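Visitor: have a look at this prediction, sequence included:
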Amino acid sequence: MKTKFCYLTLAAALFAGAAWAQAPASASQEDQIKAYVNMLRKDVRGEWQSIVDDAMGLEAGDKAKFWGVYEGYQKEMKALWDRRLANIKLYSQNFDKMTDPVADPIAAEAMSNEQDNVAIRNKYYGQMKAALGSRAAARFWQVETMLGQLIGLQLGSEIPLMH
């Protein structure tokens, strides 16, 4: 399992870095964000499932149960990421002319997004627990937390702090 964990960490970090690196250095911040988003949606989704599948290490019968629940989870998380990316786009569009009235709703949306992220993961933790037991549900939580943090760290390191 430790090998799978290391593989998962390395792969997530590499995919996040490769996504950002595809935008040319001369590209605007908004263009870089678009390139990052396109890479995540295009290539990482398929790889993400392989990484999750490997990290979960489930038997064939349990895999069917897992992916049945995980499909709903992915749908809700995609909508949440769409909200997050729209907020990043708003931030980017206002970066050079940021004011308190613009910054406040951006910050509020970011905090709301984090709360909703935890709520969705809690919801699906319960569903995973019912379908597969507590250990598999806890592993699901660990894997998703780690992947989300790695992607968030990469994205956060590329977005400049507010003036």
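Guide: Cool, got the structure.

Visitor: residues of the helix or strand where Gln154 lies that come out buried?
Guide: Using DSSP states H and E, Gln154 sits within helix 134-158. By 16 or more other Cβ atoms under 10 Å, the buried positions in helix 134-158 come out as 136-137, 139-141, 143-144, 146-147, 150-151, 154-155, 158. From N, CA and C alone the C-beta is placed, and that goes for glycine too.

Visitor: counting contacts, what elements does that helix pack onto?
Guide: Packed against helix 134-158 by the contact rule (3 or more Cβ pairs under 8 Å, 6 or more residues apart in numbering; DSSP states H and E) you find helix 2-21, helix 29-39, helix 45-56, helix 60-94, helix 100-132.

Visitor: that older thread, dump the buried residues of helix 134-158 to TSV, plus distance to Ala108.
Guide: What follows is the buried residues of helix 134-158, written out as TSV (distance: Cβ to Cβ, whole Å):
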residue	distance to Ala108
Ala136	35
Ala137	31
Arg139	33
Phe140	29
Trp141	26
Val143	29
Glu144	24
Met146	27
Leu147	25
Leu150	25
Ile151	22
Gln154	24
Leu155	19
Glu158	22
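
Visitor: any chance of these in a markdown table, with distance to Glu71 and pLDDT too?
Guide: Formatted as a markdown table, those follow (distance: Cβ to Cβ, whole Å; pLDDT from 0 to 100):
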| residue | distance to Glu71 | pLDDT |
| --- | --- | --- |
| Ala136 | 16 | 96 |
| Ala137 | 16 | 97 |
| Arg139 | 18 | 96 |
| Phe140 | 13 | 95 |
| Trp141 | 17 | 95 |
| Val143 | 16 | 93 |
| Glu144 | 14 | 92 |
| Met146 | 20 | 89 |
| Leu147 | 17 | 87 |
| Leu150 | 22 | 83 |
| Ile151 | 20 | 82 |
| Gln154 | 25 | 79 |
| Leu155 | 24 | 80 |
| Glu158 | 30 | 81 |
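
Visitor: closest to Asn87 among those residues?
Guide: Leu155 (11.6 Å; Cβ to Cβ).

Visitor: separation between the closest one and Ala60?
Guide: 35 Å (Cβ to Cβ, to the nearest Å).

Visitor: hmm, back to that, relative to the whole chain's centre, how far out is the helix holding Gln154?
Guide: Chain-centre distance of helix 134-158: 7 Å, with Cα atoms, centre = their mean, to the nearest Å.

Visitor: buried set for stretch 56-71?
Guide: Those would be 56, 58, 65-67, 69-70, for stretch 56-71 by 16+ other Cβ under 10 Å.

Visitor: of the residues you listed, which is the nearest to Gly126?
Guide: Among the buried residues of stretch 56-71, and counting by Cβ to Cβ, the member closest to Gly126 is Val69, at 9.8 Å.

Visitor: alright, I will stop here.
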